[in-house]
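Student: Pasting the sequence and the predicted model now:
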Amino acid sequence: MDTYRKFKDTNNNNILHLAGKLTPPHILGRSTGAALQLQRELQWFQEVKKLMLPDQLVQVNRDSLTPAMVFTNEHRDLLKEGEEWMKTTSQTFSIVAALIVTIVFAAAITVPGGNNQKSGMPLFKKKTLFDIFAVSNAISLFSGISALLVFLSILTTRFAEMDFLKSLPRRLILGLLALFLSTASMVLTFSAILFLVFYDQRHWMLAILGLSCVPIAVIVTLQFPLLVDLCKSTSIPIFGKQEYIASGKFISKHPTSYLSETRTTRPPDSAN
C-alpha cells in the first residue's frame, strides 16, 4: 500500500489526483442519469482518499492543484448536468404528486353514496369497502403530500458536489417511495368506490376493476428501475469488502485505467 501512496507521475500527481480525473463517457454511461454518474465519481474519489495520508490530501501537482481541486475542475460540467437532471426529475415528480394530492383530497370531501339526511353519516359507513376507501384515501393523501415536500426540498437545495454523494440520492429515493405508495393507494381508493357503488347493479364491473392494475404496472415498468438504481448506487459499497480495498489490488482494476495510462515511473519495489 505504501508503494501506491508514494506513486507520482511526471506531473507530480499522486493517486488521489488521478482518481479525481473524469471517467471516460463509455464508463459513465453505465449509471442512470448525470446525478448518479457524479455520485459514482465521488464514491471512487472518497474510497481512494481513505487510503491516503493526511498530508497527501493537500499535496499539489505541477499546476499547483490539490486532489480536491482536480476533482472539481474535471467534474464541473458533470456537476451542472447532474443539477439539471435532478431538478428536471424532481419537477416532473412534483407535478405528479400535486395532481394525486388534488384528486384524493377531492375524494375525501366527496363521500361515495352520499350521507344520511337525518344523522349526516355516510350511507356506506358500515361496509368494509367504505373502510378500505377511507384508509387508502388517507394513505394516498399523506404520502402524496410527503412526496411533494421531499421533491420541493430537492429543488431548493444548493447542489454542492458532496450533496450528490448521499443527501440528494436519499431524498430522491424517499420521494419516489412516497410517490409509489400514494399512486397505489389512489388506485385502490378508486377501485373501492367503483366496487362499492356499482357492483350490486353491474357485476361486470369486477372486470373493469382489473384495469386498475395497469397504472401500477406502468409505474413498475418505467420508474421502478430508477428507484432500484438509486438504491444500489447509494447503499451498496462500490468496491466491496474493506479488506480487499486495503490490499491495494483494486487500484489496478479502476475502469478508467488512469494509473496504467499515466504511469511513467515504476514503483520503487518493481524498479530494477
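Tutor: Perfect, thanks for sending it. On a predicted model such as this, the values are computed, not experimentally measured, just so you know.

Student: Show me where the stretch 51-200 of the chain dips below the pLDDT cut-off.
Tutor: For the stretch 51-200 of the chain, the stretches with pLDDT under 70 are 112-126, 199-200.

Student: for it, what spans make up the helices?
Tutor: Remark: helices assigned in the stretch 51-200 of the chain by DSSP state H, counting those that start in this stretch are 67-74, 76-109, 128-155, 167-198.

Student: Could you save those as TSV and add columns showing distance to residue 5 and mean neighbour count?
Tutor: C-beta coordinates here come from the backbone N, C-alpha and C atoms, glycine included. Shown next, in TSV, are the helices of the stretch 51-200 of the chain (distance: least, C-beta to C-beta, whole Å; neighbours: other C-beta atoms under 10 Å):
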stretch	distance to residue 5	mean neighbour count
helix 67-74	13	18
helix 76-109	27	17
helix 128-155	38	19
helix 167-198	30	20
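
Student: Can you convert these into a markdown table and add a column each for distance to residue 15?
Tutor: Shown next, in a markdown table, are these (distance: least, C-beta to C-beta, whole Å):
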| stretch | distance to residue 15 |
| --- | --- |
| helix 67-74 | 9 |
| helix 76-109 | 21 |
| helix 128-155 | 33 |
| helix 167-198 | 26 |
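
Student: how close does residue 160 get to residue 152?
Tutor: Per C-beta to C-beta, to the nearest Å, residue 160 is found 18 Å from residue 152.

Student: still on that earlier bit, select, out of the helices of the stretch 51-200 of the chain, the one closest to residue 228.
Tutor: helix 167-198 (10.1 Å; C-beta to C-beta).

Student: And the closest one, how far out from the chain middle?
Tutor: 18 Å (C-alpha atoms, centre = their mean, to the nearest Å).

Student: same for that helix, what does it pack against?
Tutor: With contacts defined as 3 or more C-beta pairs under 8 Å, 6 or more residues apart in numbering; DSSP states H and E, helix 167-198 has these neighbours: helix 33-49, helix 76-109, helix 128-155, helix 205-209, helix 213-222, helix 224-235.

Student: out of those, which comes closest to residue 171?
Tutor: Comparing the helices and strands packed on helix 167-198 by their distance to residue 171 (C-beta to C-beta), the top pick is helix 128-155, with 5.2 Å.

Student: pull the CA atoms of stretch 162-181 into CSV?
Tutor: C-alpha atoms of stretch 162-181 as CSV (Å, rounded to 0.1, in the frame of the first residue of the first chain):
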residue,chain,number,x,y,z
MET,A,162,-21.0,16.4,-1.8
ASP,A,163,-24.8,16.7,-1.9
PHE,A,164,-24.7,14.2,-4.7
LEU,A,165,-22.9,11.6,-2.7
LYS,A,166,-25.7,10.7,-0.3
SER,A,167,-28.0,13.6,0.5
LEU,A,168,-29.8,14.2,-2.8
PRO,A,169,-30.0,10.4,-3.8
ARG,A,170,-31.5,9.6,-0.5
ARG,A,171,-34.1,12.4,-0.8
LEU,A,172,-35.0,11.2,-4.3
ILE,A,173,-35.4,7.6,-3.0
LEU,A,174,-37.7,8.8,-0.2
GLY,A,175,-39.7,10.9,-2.6
LEU,A,176,-40.1,8.0,-5.1
LEU,A,177,-41.2,5.6,-2.4
ALA,A,178,-43.8,8.0,-1.1
LEU,A,179,-45.0,8.7,-4.7
PHE,A,180,-45.3,5.0,-5.5
LEU,A,181,-47.3,4.4,-2.2
